[in-house]
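J.: need a 3D model of the sequence below.
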Amino acid sequence: MEIIRASELWEKAGAYYVRIQAMARKHNIPLRQEFDEHDGPGTRYVVALDEGFPAATARMYETGADSVMIGRVVVLPEYRHRGIGTMVIRECEAWALEEGYRKSVVESRDNKTEFYLKMGYRFCGSKPILGETFRCIRMEKALRRTLVFYGDSNTWGYDPADMEDGRYPEEACWTSITAKNLGERFEVIPEGQNGRRLPVVTRGHAYLDGLVAKVKDGGILCTMLGTNDVLGLSLPDASGPVRRMQEYLAYLTRELSPEQILIIAPVPSGSPDLPDPYLQAAYAESRKMNDAFRRLSGEAGVLFADAADWNVSLAYDHIHFSAEGHRTFAGEMSRLIKELTQ
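T.: Numbering: from 1, shown residues only. Below is the predicted model of the structure:
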């Protein structure tokens, strides 16, 4: 199956053929109605070809300075339930993104919304649109999604071996590697700071409100905090960060939908195999904290990942990522984001 962006007359004829056969004739729609004012010189058409003959199509046109409408998604009956409709929509989205659009809109038949929900679309109006043939629901999707990585020194890129700058080169930090891996579909915003602990939301949260505002339009706020909370005492203790995480999640779930909240339990500090009792305790309390973060995230219904499972190597201080650790973490984070947003 070949997916093309129609530019030649014969390619556009393929789009028209599919719509006439599988839409107009099937539902007795007059051609004057099927081919409306949006089928014009500026309309883009995507066509799926099977050995040169059309099997499916979709059209796309501009609805605003940063948005497009994807519609007339039609698959010939003999090609249905093979993922071809998804393929033509994905191609429309990629085309729109390349041309600088940030949002796509669809008007789904009211019995087909589950298909679009699986593709990342969300309802943007509660009232159905009563067309001449179908009842439709308007849905939309952010094409370029914002990822805010809110964390501590491991998100900032601290290098304990660098006595001059104290930081790995920007291109070697996991946030930069992740941005490169994910490509232009995502805007990655690193928000790391040395020494940062989980926020105490009861003291006011203007900074957090700013982070939330950055992801409101379909983005994801990814939080990896807790290490400094465990280590910031004479004896490592997980109880404080667990309590603050519960409060933090209560705040986030009031502001964002669950699929926009990703909690990343940090790579545990220390090791049970080290001779230092403090680092042994740090490891035990870190694992205890991560287990609690998993439970709290599940109760809140938000996204969760445990970086303890990612085999991330630490530097000599057994707290901060090594250069190899940044590469490993970026690979796992890139994989996770792709899975969550496919």
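J.: enumerate every residue touching the closest residue to residue 228 other than its chain neighbours.
T.: Distance criterion C-beta to C-beta, 6 or more residues apart in numbering; nearest residue to residue 228, sequence neighbours excluded, is residue 197 at 4.7 Å. (Each C-beta comes from the backbone N, C-alpha and C, glycine too.) With contacts taken as C-beta atoms under 8 Å, 6 or more residues apart in numbering, residue 197 has the following neighbours: 152, 225, 226, 228, 229, 232, 241, 244.
J.: how about the strands in the stretch 51-200 of the chain?
T.: When assigned using DSSP state E, counting those that start in this stretch, the strands of the stretch 51-200 of the chain occupy the ranges 53-64, 67-75, 103-109, 122-123, 129-130, 135-142, 145-151, 186-192.
J.: what's the mean pLDDT across stretch 186-195?
T.: Rounded to a whole number, the mean pLDDT of stretch 186-195 is 95.
J.: can you pull the buried residues of that stretch?
T.: Neighbour-count burial for stretch 186-195, counted by 16 or more other C-beta atoms under 10 Å, picks out 186, 187, 188, 189, 190, 191, 192, 193.
J.: which residues touch it?
T.: 144-158, 173, 175-176, 178-179, 182, 211, 214, 219, 228, 337.
J.: narrow the residues you listed to just the buried residues.
T.: Buried subset of the contacts of stretch 186-195 (neighbour count, 16+ other C-beta under 10 Å): 144-158, 173, 175-176, 178-179, 182, 211, 219, 228, 337.
J.: just give me the neighbour total for residue 120.
T.: When neighbours are defined as other C-beta atoms under 10 Å, residue 120 has 19 of them.
J.: not counting sequence-adjacent ones, nearest residue to it?
T.: Nearest non-adjacent residue to residue 120, counting by C-beta to C-beta, 6+ apart: residue 141, 5.1 Å away.
J.: surely that neighbour and residue 185 touch.
T.: No: using C-beta atoms under 8 Å, residue 141 is not in contact with residue 185, being 11.2 Å away.
J.: those two: who's more crowded?
T.: The neighbour comparison of residue 141 against residue 185 (other C-beta under 10 Å) goes to residue 141, with 19 against 15.
J.: so the more buried one bridges to which residues?
T.: With beta bridges defined as DSSP bridges, residue 141 has these partners: residue 104.
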